[in-house]
Structures are given as C-alpha cells and as structure tokens.
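Visitor: return a 3D structure for these sequence lines:
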Amino acid sequence: MASDTSGAQATAVGSTRGRSIQATQQKLLQWGLLIFLVFLLIVFSILEPRFATLTNIQNVMRQAAPLALLAAGQSVVLIAGGVDVSVGSIIALSSVGMVGAIWQATGIPFMIDGVLPGIAAAILIGGAIGAINGTIIAAWSVNAFIVTLAMMTTIRGVALYVTGGIPLYDDIPESMLYLGNGHVGPVPFAVFVSLLGFAVLFYFLRLTPAGRETYALGGNKEAARLSGIKIKPTTIRAYLISGLFAGAAGAVLTSRSGIGAPNMGSGLELDAIAAAVIGGVAFGGGEGRVMGVILGVLVLSVIKNGLNLYNVSSFVQLIVIGFIIVAAIVVDRYRHRIDA
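Guide: Have a look, this model is predicted:
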C-alpha cells in the first residue's frame with residue numbers, strides 16, 4: 001500500500017515537472033524572437049560602433065518601412081494559405097505609374113505638385129494586380145506560386161517596356177521626396193506610414209469578420225467552405241490587400257529614391273516572405289500575429305544593416321538569412337509539437 005502511494009506521488013511530481021518544463025519552453029518560444037532581436041542589437045553595437053548611432057538607427061527604420069508594408073500584405077496571403085511572389089514587380093510598376101501620374105497631375109490645384117495622385121496611382125496599380133492574381137487563383141484553382149511567379153515576370157516586363165528600361169527622373173517635385181526621406185522630429189516619416197499599415201493589418205485580421213475568414217481559409221479550406229465561408233471572394237480579397245500594400249511600398253521606395261525605376265523591388269518579394277515567416281506566420285496558412293511580423297521585419301532589417309556595416313559579403317548575407325528562415329520554420333514546427 002505504501003509502495004503504491006509512493007509511486008503515485010512520484011508520478012504526480014513527474015507530471016508537474018513535465019508541465020512546468022513545457023510551460024517554460026512555450027514562454028521561451030513566445031518571447032524568443034524579441035530576445036533574439038535584443039541579442040542582435042547588443043552584438044552589433046559591440047562589434048560596430050557606428051551601429052548604435054542615431055544616424056544609423058534612422059537609416060534602419062527608413063530601410064525597414066517599405067519592407068514592413070510589403071511583409072504586412074504578404075502575411076495576409078500567407079495566413080490565407082497562399083503566397084505572392086509578384087510583389088517585387090508590383091513595386092516596379094507602381095513606381096513607374098506613380099511618377100507618370102505625378103507628371104500628368106502637376107499644376108492641378110490642391111494636388112501638391114501631383115504627389116497625391118501619384119501615391120494613389122501607385123496603390124491602385126498594386127491593388128489591381130493583386131485582384132487579378134486572386135481572381136486567377138480563385139476562379140481556376142491554379143497554384144498560387146505559379147500564378148504569381150508568372151505575374152512577377154509579366155509585370156516586370158510591362159514596367160521595362162513602358163519605360164524602355166530607363167528610369168523616370170525628370171521633373172520630380174521636391175514634395176514627392178518627403179514620403180520616403182522626411183522626418184517628424186528624429187523619426188523618419190516613412191515609419192509612421194508603416195505603422196499605419198500595421199494598424200490597418202491588425203484591425204483587418206483581429207477585429208473584422210473578413211479577417212477571421214482569412215484565418216479559417218488558411219487553417220482548413222474545406223472546413224471553411226462547409227462553415228459557409230465564400231472561398232473565392234476571401235482568396236481574391238487576400239491578394240487584393242497584398243497588392244495594395246505592395247503599391248504603398250512602391251510609393252515609399254519611389255519617394256526615397258526620387259525616380260520611377262522599372263527594376264525597383266527586385267528580390268524584395270523574398271525578403272517580405274522571410275520577414276513574415278521569421279515573425280511566426282505559418283507558411284501553410286491559418287496562423288500569424290501582427291506583432292510577430294513587426295519583429296520579423298526588425299530582425300531582418302537589423303541583420304542586413306549590421307552585416308553591411310561590418311562589410312560582410314552580400315553572398316554571405318543570403319546564406320545567413322536563408323539559415324534564419326529555416327530556423328524559424330523549425331522553431332514553428334517544434335512549437336506546434338509542444339502545443340499538441
């Protein structure tokens with residue numbers, strides 16, 4: 001009898017210890033990305049004195065702003081169970097369209113040298129392309145990667161064709177440059193634009209029925225359909241949002257560079273996916289948090305900036321970022337195994 005009691009007590013202690021370890025692991029995984037970001041900031045500050053200067057911090061924030069917008073839109077598509085690799089090319093066409101619209105609207109009253117129509121044109125071009133992507137994917141049940149890959153090539157080709165491959169830089173008004181280069185106090189204005197984008201993303205995903213439908217679609221498409229969610233409109237909406245955010249990122253980058261460049265945004269689609277995945281957005285869909293995406297953008301931006309300051313080869317940077325993406329996916333799978 002005493003032996004049975006001792007065995008039961010030992011089992012209870014072991015079970016309690018197991019739950020305690022599991023809870024600790026969950027906390028570490030939950031806060032791990034923030035801890036990693038702080039670790040990066042400390043390491044780069046020690047290795048490179050220029051890293052912690054105000055000028056460089058402003059530079060990091062300015063560089064992170066368009067990536068933040070791009071990752072915000074990409075996260076919606078990923079949560080819906082898709083992927084959009086055309087966003088880099090959307091930036092290029094939005095950039096060209098923005099400058100073209102500014103030229104056409106210059107001199108119109110209340111249009112600030114045509115800048116407002118230019119920004120609107122960039123965002124609307126992105127939204128239109130996103131809607132086309134979503135419609136093709138939803139209407140014909142075509143693989144999202146294939147569709148957006150084809151659109152990536154097509155849109156880039158259109159941008160190069162309409163410009164002859166030459167950037168548009170004549171008659172650029174000074175007011176256009178403020179969006180990407182201006183400051184409010186010590187903070188770059190583009191940071192406030194990206195924060196507005198994240199606020200819109202949070203509102204959509206967490207506070208609207210459409211956001212909940214997006215999570216449901218990515219979590220289990222068949223279950224979503226059986227619960228009454230309209231699959232096609234939900235899919236189109238996700239890609240429309242991705243396109244709108246890509247157009248906004250194009251406007252910020254165009255303002256920062258002061259040109260409409262048909263080669264702008266090349267490779268940024270992979271950075272956007274990387275930032276979202278690093279931030280905990282599940283590549284298979286159905287999961288992701290806005291705060292995680294913000295941290296993912298900051299981690300990626302800090303790594304790139306720190307390695308650049310330390311004169312690390314761009315080839316090595318690709319290896320490092322690839323390793324971090326794989327690590328993020330492994331951590332995500334491990335977290336799901338613990339939760340189960």
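
Visitor: going forward, measure contacts and count neighbours with C-alpha atoms only.
Guide: Will do.

Visitor: number of nearby residues for Leu207?
Guide: 11 (other CA atoms under 10 Å).

Visitor: swap in Asp170?
Guide: For Asp170, the count of nearby residues is 11 (other CA under 10 Å).

Visitor: just the pLDDT for it.
Guide: At Asp170, the model reports a pLDDT of 83.

Visitor: look up phi and psi at it.
Guide: Main-chain dihedrals, Asp170, degrees, to the nearest 10: phi -80, psi 150.

Visitor: next one: the one 4 residues further on
Guide: Its backbone dihedrals place Glu174 at phi -60, psi -30, with angles given as degrees, to the nearest 10.

Visitor: for Val83, which non-adjacent residue is closest in space?
Guide: Val77 (5.6 Å; CA to CA, 6 or more residues apart in numbering).

Visitor: and that neighbour, how far is that from Thr254?
Guide: Distance of Val77 to Thr254, given as CA to CA, to the nearest Å: 24 Å.

Visitor: tell me the secondary structure at the most centrally placed residue in the chain.
Guide: The centre of the chain sits closest to Ala71, judged by CA atoms, centre = their mean, with a distance of 0.5 Å. Secondary structure state of Ala71, per DSSP: H, G, I helix; E, B strand; the rest coil, is helix.

Visitor: not counting sequence-adjacent ones, nearest residue to it?
Guide: Closest to Ala71 by CA to CA, 6+ apart is Ala272, at 4.4 Å.

Visitor: and Ile259, by the same measure?
Guide: Leaving aside its chain neighbours, Ile259 sits nearest to Tyr169 (4.7 Å; criterion: CA to CA, 6+ apart).

Visitor: repeat that for Leu70.
Guide: Closest to Leu70 by CA to CA, 6+ apart is Ala246, at 5.2 Å.

Visitor: my guess is that neighbour contacts Leu69, does it?
Guide: Yes: Ala246 is within contact range of Leu69, at 6.8 Å (criterion: CA atoms under 8 Å).

Visitor: those two: which is more packed in?
Guide: The neighbour comparison of Ala246 against Leu69 (other CA under 10 Å) goes to Ala246, with 40 against 30.

Visitor: make sure I have this right: the more buried one is in a strand.
Guide: No: counting by three-state DSSP, Ala246 is not found in a strand; it is helix.
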